[in-house]
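Colleague: how would this look folded up:
(chains A and B)
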Amino acid sequence: MDRFRMIFQYFQSSSESVMNGICGLLALASVKMYTSFDFSCPCLPQYNMAYGLGIMFIPPIILFLCGLILNRQSLVMLEEWRRPQGRRKKDLAVIRYMCSSIMQRAMVAPVVWIVVTLLDGKCLICAFSSSMDPEKFVGFANVSPVQVQQLLAKVPCKDDELMRNDTSRKAVSRYLRCWSQALGWSILLILIIAAFLARWLRPCFNQAALLQARHWSNYIDIEQKIFEETCCEHSRLFAHKCILHFFESMRQEIKLHNFSLPREGEGAEGEEDLLRGITDQNRVNKLLKTWYYEKPPLDVSQATQV
Amino acid sequence: MDKFRMIFQFFQSNQESFMNGICGIMALASTQMYSAFDFNCPCLPHYNLAYGLGILLVPPFILFLLGFVLNNNISMLAEEWRRPQGQRGKDPAVLRYMFCSMAQRAMIAPAVWVSVTLLDGKCVTCAFCTSVPVETLGNASHPRLSPGEIQRVLARIPCKEIYNGQELIANEVAVRYLRCISQALGWCFVLLMTMLAFLVRSLRPCFSQAAFLKSRYWSHYIDIERKLFDETCAEHARSFAKVCIQQFFESMSTDLVATHCHPPRKAPADVGEAAEKLLGITDQSTMNMALKSWHRCKPPLNLQPPALPTGNGWAGEGQPPVHPSTHRRETAAYYSCL
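Modeller: From the prediction side, this is the model:
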């Protein structure tokens, strides 16, 4: 439990850590989504390519958009970009820095999906089995062109009655899977090398500007958070004053109408204060009715003078 | 337990996080409901469409309404909408903001249900199996059946055990076709929803950011004000009840003293707190009478002022009497006992 709390606190400590945490969660969610998704290739000539490529590219777009939506900093960046200049100059370098860091984090989950799809192989087999050259495979070499399309389209479906024990189907399947896995590993290797180089070579170019941009983007984020917290606190105090003022004004009204001064009995002084002169059922009902029918104005300047 | 409490505290710390938590729980509940639901296609020509579309569309509607019901802010919105203007103007922008944020959160669980249903494929397979294109997918050289017969055969596609149209169109081919269409629809639906959410979120800072900040502040203010008012009223009710009950016990004890003809026992100097808390009731019969009186004749909701406004000499002394009439009775009883 202690470890869990420590991890939780660590992630909450800075907004960068929160974003990294969300990024990691989305990547895990992407893998989970792929494994729980029931891939079922239609095995029909025109539909295969559309289905296979659709499953490979549409979920990454969805994951990318989710990565942008869930990232709080994207809102901060947009606000900073669109705000009027006012008395504070806008620094485009800061906006660019924020944009690039948001994009990098949002790209992780789509890349994970594409790599997992390629390493698994089902999508590519489904999409490209109809585009295979039948001459290369013994079982499809001497068949009429129309029939060959139908047969090739059925390659991804292992349980189809025509294809169940067909050795040429297995050959096509293995061939396509080999290409798919090679593509997957190559993409992974290229991306990791690119990330490695980017991190290593960054200090060689313009390190000072980078430090500045990072500092100010962090500042803008923190400033926004503190502004929201201050507004919350302010509205709480405002509400408190407003309600106290309301109860006081009720007490004044009662004094005015009933000509009875509030007594200050010895033992009950604390309670009298809390009761604020409202000491019977009718007065309580009147207070509640007034609260509903005539909420007090949003103006506590008199309350601070009382 | 500790972990659970920590997560609970995190969500309760902030009203928005709490609502997001409820939203997430409902989305999870929606997937759980779907996997626990035992889908059972009727496999009859006209019932299939009704059943399939019903399972696809009715639970999301229920989840949407449930999203509103579980949201605490709905009563706040209704109250703010219906209250008379009084001394405080009403801002329609605030009402719109509150309604939009509630509607957005309520839409998540239905969207999850629809996506999971479409990606799974059983509903669409059941609903549209009679519309499968037999000419392209099936056996064109099959002896012609009447359209009604064909409909009946196709309607049995989702039920593999009773399917008897293998010569007309293979069951696996039809199921694969329908499932492919269903999954394509599902992914397109998810993409559309995500794009809408993205546009709504990203276009807002570009237009009307100042109005948004205002509406957010005042809607939060209304929520806090209501909570603080409830707390203040609860505090007031507590004090009211305390004084009311104290006065009840005091009146009981002075009544009983008057009727039993013994003078109030003078408390010794070192009386202690416990004796004070006894409120003058020190034996079984007195207590029983107090309890019976509480049940039969609760005191009015009208707290007596501790001293009279007539300004007689009693106010100057240490102990102002509760009931001047009781004092007179007490004196009379003393004389009669002599």
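
Colleague: do stretch A:214-227 and chain B meet at all?
Modeller: No: using Cβ under 8 Å from any Cβ of the partner chain, stretch A:214-227 never reaches chain B; the gap is at least 9.2 Å. (Glycine included, C-beta is placed from N, CA and C.)

Colleague: low-confidence ranges in the stretch 151-300 of chain B?
Modeller: B:260-272, B:275 (pLDDT under 70).

Colleague: can you tell me the distance between the two ends of stretch A:85-96?
Modeller: Terminal residues of stretch A:85-96 lie 17 Å apart, using Cα to Cα, to the nearest Å.

Colleague: what comes up buried for it?
Modeller: The neighbour-count check on stretch A:85-96 (16 or more other Cβ atoms under 10 Å in any protein chain shown) flags A:94, A:95 as buried.

Colleague: Averaged pLDDT, that stretch. What do you get?
Modeller: For stretch A:85-96, mean pLDDT rounds to 88.

Colleague: And stretch B:64-81, by the same measure?
Modeller: Across stretch B:64-81, pLDDT averages out at 87.

Colleague: Name the surrounding residues that touch that stretch.
Modeller: B:19, B:22-23, B:26, B:90, B:94-95, B:98-99, B:102, B:105-110, B:222-223, B:226 (Cβ atoms under 8 Å, 6 or more residues apart in numbering or on different chains).

Colleague: Which members of those residues occur in helices, if any?
Modeller: B:19, B:22-23, B:26, B:94-95, B:98-99, B:102, B:105-106, B:108-110, B:222-223, B:226 (DSSP state H).

Colleague: and residue 219, how many residues sit next to it?
Modeller: You didn't pick a chain, so chain A it is. 11 (other Cβ atoms under 10 Å in any protein chain shown).

Colleague: ah, I was thinking of chain B
Modeller: When neighbours are counted by other Cβ under 10 Å, residue B:219 comes out with 24.

Colleague: In this structure it contacts residue B:100, no?
Modeller: No: using Cβ atoms under 8 Å, residue B:219 is not in contact with residue B:100, being 10.4 Å away.

Colleague: ranges for the helices of the stretch 151-300 of chain B?
Modeller: Under the criterion DSSP state H, counting those that start in this stretch, helices of the stretch 151-300 of chain B are mapped to B:171-203, B:209-260, B:272-277, B:284-296.

Colleague: try the stretch 1-150 of chain A
Modeller: A:2-13, A:15-36, A:47-70, A:72-82, A:92-120, A:122-128, A:138-141, A:145-153.

Colleague: okay, the ones you listed, which one's buried deepest?
Modeller: Across those, the average number of neighbours (mean count of other Cβ atoms under 10 Å in any protein chain shown) peaks for helix A:122-128, which reaches a mean of 23.

Colleague: Counting by contacts, list what that helix packs against.
Modeller: For helix A:122-128, the packing partners by 3 or more Cβ pairs under 8 Å, 6 or more residues apart in numbering or on different chains; DSSP states H and E come out as helix A:47-70, helix A:167-201.

Colleague: Name the next helix or strand following the last one along the chain.
Modeller: If I follow you right, that is helix A:167-201. Remark: after helix A:167-201, the chain's next helix or strand is helix A:207-258, criterion DSSP states H and E.

Colleague: So which residues on the stretch 201-338 of chain B come close to chain A?
Modeller: Taking Cβ under 8 Å from any Cβ as the criterion, the stretch 201-338 of chain B approaches chain A at residues B:201-202, B:205-206, B:209, B:217, B:220-221, B:224-225, B:228-229, B:232-233, B:235-236, B:238-240, B:242-243, B:246, B:300-303, B:305-307, B:309, B:320.

Colleague: Mind doing that once more with 6 Å?
Modeller: Taking Cβ under 6 Å from any Cβ of the partner chain as the contact definition, the stretch 201-338 of chain B meets chain A at B:201-202, B:205-206, B:217, B:220-221, B:224-225, B:228-229, B:232, B:239, B:243, B:301-303, B:305-307.

Colleague: what bits of the stretch 51-200 of chain A have low per-residue confidence?
Modeller: Checking the stretch 51-200 of chain A against pLDDT under 70 turns up A:163.

Colleague: Could you rerun that using 50?
Modeller: Across the stretch 51-200 of chain A, nothing is flagged by pLDDT under 50.

Colleague: Show me which residues of it sit near chain B.
Modeller: A:51, A:58, A:62, A:65, A:69, A:78, A:79, A:82.

Colleague: change it to 7 Å
Modeller: When proximity is defined by Cβ under 7 Å from any Cβ of the partner chain, the stretch 51-200 of chain A lies next to chain B at A:51, A:54, A:58-59, A:61-62, A:65-66, A:68-69, A:75, A:78-79, A:82, A:159-160.

Colleague: isn't there a helix covering residue A:165?
Modeller: No: counting by DSSP: H, G, I helix; E, B strand; the rest coil, one finds residue A:165 to be coil, located in no helix.
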